[in-house]
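>>> Coordinates for the following, if possible.
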Amino acid sequence: METKKSGKAKRLLHILWIVPTLIVLIFGVMMYVIPALETVDKTAVAGSGDWMGRLDDGMQLSEVVLPGTHDAATRSVQLAYITRCQSLTIAEQLDAGFRYLDIRLAANSDKLKLMHGFTNCTKSGWPWAASLYLDDVLSDCYAFLKAHPTETIVFAVKQEYGSETPAEFETLLSAYIEQNPDAWLLTDCIPTVGEARGKIVLTRHYEDDSMPVPTVGLPCYWQTQNGHDDVTQNAASHLNGTYTLIVQDRYEYDAPDKLNAFRKGLEVAQADETHLSISFLSTKGSGAFGHLYSLAKTLNPELMGLSDPLNGWIVVDFGSPAIAARIYETNFNR
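Residues are numbered from 1 along each chain as shown. From the prediction side, this is the model:
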């Protein structure tokens, strides 16, 4: 009798051990292995590294149809199945033709690290990988501009996480800029293409109407848009000092409503020395968490086949060289 009880106890302990092990294994496969297989076509497009060289120096940067990447540093990120927005590195995105980088930062002592929500962007795809810091991203940006002096990089900085005030956050950011000040354009007005060539143009989204920090860079603040029951409410306008920002960033729509919001946002886009338009094609879907790759696989082909005129700065998830070219070639075909 005791032997039978002992055998049952061992089997129960075995089950109790194997179940959590399987859960951990499934979780690891879902969060890290599957995302590692979710890629885009990296086939290079001729001229993508220097396409801005074909633009007139006198154009306002807001007049340029500029391809951008949402959460640009998430090539490797914790909980990647629900947080990964790109499969190209920063260097690969720049080579592909993307010129707007959505940069989300949080303070870590006296340094700034890349984040997506509460998760860390990392230097590799392993769960234990080291965090990705601003130094790493800037190194890629400086190297790219040195090799491609006709280009510019719009560095769209947002404070993603942490309790620092905008002023405290900007102090940390300024310490990085001061290490290579000649590489930056910190104007608070929309620059021309000629003024921006060879420079990182800082836009700041780490303040709000009640806590302005009018010190460095182009203010680029807008109220969080989330989703909306009324899907006709798409783009919104915000006065940002010297210009008006028109932005569509509905990030809680499923693919059909997001595509509608994107197209409606393009219709109201304006681009001149006093207006800047930004249209996000990225979304996490209507649930608490979404599989961003699946949504991008639906939305990005719609962009590639869209007949609507593209205006302003277009920001996507899982950008590829073909998508970047689809956007920037608009400048030369209108």
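
>>> Ramachandran coordinates for residue 177?
Phi and psi for residue 177, reported as degrees, to the nearest 10, are phi -60, psi -40.

>>> Is residue 179 located within a strand, as I assumed?
No - counting by DSSP: H, G, I helix; E, B strand; the rest coil, residue 179 is located in no strand; its state is coil.

>>> roughly how far apart are it and residue 154?
For residue 179, the distance to residue 154 (CB to CB, to the nearest Å) stands at 20 Å. The C-beta positions use only the backbone N, C-alpha and C, and glycine is treated the same way.

>>> the more surrounded of the two?
Taking other CB atoms under 10 Å, residue 179 and residue 154 do not tie; residue 154 has more neighbours (25 against 11).

>>> helix/strand/coil for the more buried one?
The three-state label given to residue 154 by three-state DSSP is strand.

>>> what bridges to it?
According to DSSP bridges, the residues that bridge with residue 154 are residue 100, residue 201.

>>> Who are the contact partners of it?
Contact analysis of residue 154 by CB atoms under 8 Å, 6 or more residues apart in numbering lists 61, 66, 68, 99-101, 201, 203, 313.

>>> Between these, which sits nearest residue 304?
Set against residue 304, the nearest of the contacts of residue 154 by CB to CB is residue 68 (16.1 Å).

>>> Next up, identify which helix or strand residue 94 is on.
Element membership for residue 94 (DSSP states H and E) is helix 90-96.

>>> list the buried ones in that helix?
90, 92-96 (16 or more other CB atoms under 10 Å).

>>> List of residues touching that helix?
42, 44-45, 48-49, 69, 72-73, 75, 86, 88, 101, 137, 140-141, 143-144, 148, 151, 153, 319-321, 324.

>>> filter those residues to the buried ones?
Buried residues within the contacts of helix 90-96, counting neighbours by 16+ other CB under 10 Å: 45, 48-49, 69, 72-73, 75, 86, 88, 101, 137, 140-141, 144, 148, 151, 153, 319-321, 324.

>>> residue boundaries of the strands in the protein?
For the chain, the strands defined by DSSP state E occupy 66-69, 100-108, 111-116, 119-120, 153-161, 184-185, 200-205, 218-219, 236-240, 243-248, 275-280, 313-316.

>>> can you redo those as a markdown table with distance to residue 226 and mean pLDDT?
Formatted as a markdown table, the strands of the chain follow (distance: least, CB to CB, whole Å; pLDDT from 0 to 100):
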| stretch | distance to residue 226 | mean pLDDT |
| --- | --- | --- |
| strand 66-69 | 20 | 98 |
| strand 100-108 | 17 | 97 |
| strand 111-116 | 17 | 96 |
| strand 119-120 | 19 | 94 |
| strand 153-161 | 15 | 94 |
| strand 184-185 | 32 | 98 |
| strand 200-205 | 16 | 95 |
| strand 218-219 | 22 | 92 |
| strand 236-240 | 12 | 91 |
| strand 243-248 | 12 | 96 |
| strand 275-280 | 12 | 97 |
| strand 313-316 | 16 | 98 |
